[in-house]
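>>> make a model of this:
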Amino acid sequence: MKPIHITGMSLLTPEGLQSVGRNPQHEAVFDRSRHKGSSLPSGLIRMSGRKGFNRFSDFGKLCCMAVEEAFGIRAESAESSASIESEGCSGPDMSQRTALVIGSTVSSLHAVAALQDDAVKYGEGNVNPRIFPDTVMNSIGGYVSIYFSIRGTNVTVSNGGTTAPKAFLYASALLDQGEHDRVIVCVANLFPPERFRDRIGIPDPGCEWISAFVLEPPDGEGVPLARLQIRSESGREQGSVGSANVSANEFDLELIARTQSLAGGKWVTDLGAEGVLHACVHLPGKEEAVL
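Residues are numbered from 1 along each chain as shown. Got it, this is the predicted structure:
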């Protein structure tokens with residue numbers, strides 16, 4: 001796969017929302033151990049005057065915030081006039097050549113639990129109809145595309161513990177096809193409702209976070225924070241000398257940490273029966289690592 005330019009990224013944690021730039025003094029790299037068991041509080045939600053926003057689910061609102069913050073980095077660093085406006089993104093940035101990839105495994109289960117509770121309390125024929133749309137896995141993709149007027153490919157990847165790397169593989173494939181100028185990737189790492197925790201068999205994330213990235217091809221108009229190369233391979237190879245091993249459910253955090261700390265470098269992520277994913281982050285002005 002061709003290299004990818006990361007032109008914006010953000011991270012929403014129990015501590016709040018942070019942009020991720022190239023200044024290592026800007027923010028400390030997120031330490032999950034300090035927030036073990038912590039969920040994303042609804043108090044993090046910033047209200048918006050955009051029509052319909054209040055009808056979004058809480059997770060939909062939080063993902064919109066993360067994507068907006070990632071685009072804020074890109075809008076400041078790019079030479080183009082890309083901006084977030086009061087009625088969503090306008091101009092070429094949000095045309096059909098902008099794609100959206102959501103990585104989410106359990107977000108819809110919260111609505112499923114709420115629908116079940118409503119049925120028990122009020123009867124099956126009297127459940128709140130506003131709950132049902134959020135029981136669909138790709139509802140977050142719908143909210144984000146509405147919020148930013150995204151009209152390109154809109155895909156939700158849900159693959160258990162390997163959701164994050166699979167979302168990036170899909171985004172890379174979309175850019176390789178040459179039909180999109182940019183792909184927004186948003187990964188929601190959430191706890192499932194308590195009643196489902198013993199049934200779904202996915203790794204415990206430790207705490208909740210949402211990450212967002214703006215990805216472009218090397219000839220894109222955005223100024224890159226970093227360049228990413230990824231390559232999947234069958235088998236259980238552990239990678240070349242100098243590669244670290246990173247768990248799949250930490251893939252997005254590893255990408256953010258290596259950019260934020262200016263470390264760069266390469267790692268290997270186990271995809272289970274499907275093999276491994278090789279990844280390499282190259283920072284502008286630094287010696288290039290080879291994948």
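>>> is it true that residue 211 touches residue 67?
No. The pair residue 211 / residue 67 is not scored as a contact, 10.0 Å apart, by CB atoms under 8 Å. Placement of C-beta: from N, CA and C, glycine included.
>>> give me the common contacts of those two.
Common contacts of residue 211 and residue 67, defined by CB atoms under 8 Å, 6 or more residues apart in numbering, comprise 10, 186.
>>> now the closest residue to residue 189 other than its chain neighbours: which helix or strand?
Spatially, and ignoring its direct neighbours in sequence, residue 189 is nearest to residue 205 (4.5 Å; CB to CB, 6 or more residues apart in numbering). For residue 205, there is no host helix or strand (DSSP states H and E).
>>> residues contacting residue 205?
Residue 205 makes contact with 32, 189, 190, 191, 249, according to CB under 8 Å, 6+ apart.
>>> backbone dihedrals for residue 145, please?
The phi/psi pair for residue 145 (degrees, to the nearest 10) reads phi -70, psi -40.
>>> what's the closest non-adjacent residue to it?
The spatially closest residue to residue 145, leaving aside those adjacent along the chain, is residue 154, at 5.2 Å (CB to CB, 6+ apart).
>>> so what's the residue count around that neighbour?
17 (other CB atoms under 10 Å).
>>> can I assume it is in contact with residue 100?
Yes. Counting by CB under 8 Å, residue 154 does reach residue 100; the two are 4.9 Å apart.
>>> identify the contacts common to those two.
By CB under 8 Å, 6+ apart, the residues touching both residue 154 and residue 100 are 141, 145.
>>> any regions of the stretch 51-200 of the chain where pLDDT drops low?
Applying pLDDT under 70 to the stretch 51-200 of the chain flags residues 51, 73-95.
>>> which residues of it fall in helices?
All helices of the stretch 51-200 of the chain, identified by DSSP state H, counting those that start in this stretch, fall at 58-77, 107-122, 139-148, 163-176.
>>> compute the inter-axis angle for the third one and helix 58-77.
This means helix 139-148. Interaxial angle of helix 139-148 relative to helix 58-77 (axes from the mean of the first three to the mean of the last three CA atoms, to 10 degrees): 40 degrees.
>>> tell me the buried residues in helix 139-148?
139, 140, 141, 142, 143, 144, 145, 146, 147, 148 (16 or more other CB atoms under 10 Å).
>>> my guess is the fifth one contacts residue 54, does it?
So the one you mean is residue 143. No. Using CB under 8 Å, residue 143 makes no contact with residue 54, being 11.6 Å away.
>>> who's in contact with the residue nearest to residue 145?
Applying CB under 8 Å, 6+ apart to residue 154 gives the contacts 99, 100, 138, 141, 142, 145.
>>> how about residue 14?
35, 38, 39, 40, 41, 207, 208, 209.
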